[in-house]
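sequence and predicted model, in that order:
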Amino acid sequence: MAHEYTARVVWTGNRGEGTAHYRAYDRTWDIAVPGKPVVHCSNDPLLGGDPGKMNPEDLLLSALSACHMLWYLHYASDAGLRVLGYEDSPLGQGELGPGGAGRFVKATLRPRVTLPEGSDLAAAKAIHHRIHTVCFIARSVSFPVDYEPEFVLEA
């Protein structure tokens, strides 16, 4: 079954003279999805972007992490494993090639999962390795995705 997604991406960086020259415009835009808050974006700060706004690399890494989290919670629930908390600090590694073209070469998801004391940690860890076969985002990227989960047991 096919799924369709849509968004409206609007460049907001015209300072009055458009792209008259390279320094004449900002690399900013808004992402608008019907019925959702607008996300104000910029390019990577290394390329002169606004560090206070999301950039494409932030969005891709966040989408990958969120997709993994949602599948983890689903599989944990199916397995009778109670997750009390979940947070991730993913790390994406990129490289620049000749001419400045960049790409992700690897991502490492580093979820911190809080479970009740007495939880089966082997089962909790095994779930992470099942997700890449079903996560929409992970299945769509061409770079390897590794997992370094940390588990916290709570009374």
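Done, it's in.

who's in contact with the longest helix anywhere in the chain?
Longest among the helix segments of the chain by residue count, using DSSP state H, is helix 56-78. Counting by Cβ atoms under 8 Å, 6 or more residues apart in numbering, helix 56-78 makes contact with 41, 43-44, 54, 82-83, 86, 88, 90, 92, 94, 104, 107, 109, 111, 113, 124, 127-128, 130-131, 134-138, 141, 145, 147, all of which sit outside it. Any C-beta I mention is one placed from the backbone N, CA and C, and that applies to glycine too.

quick one: buried ones out of the residues you listed?
Buried by 16 or more other Cβ atoms under 10 Å: 41, 43, 83, 86, 88, 90, 92, 104, 107, 109, 111, 113, 124, 127-128, 131, 135, 137-138, 145, 147, out of these.

out of those, which are inside strands?
41, 86, 88, 92, 104, 107, 109, 111, 113, 145, 147 (DSSP state E).

so which of these is the closest to residue 19?
Residue 19 has its nearest neighbour among those in residue 41, at 17.8 Å by Cβ to Cβ.

quick check, the closest one in contact with residue 13.
No: in terms of Cβ atoms under 8 Å, residue 41 does not count as a neighbour of residue 13; the distance is 10.3 Å.
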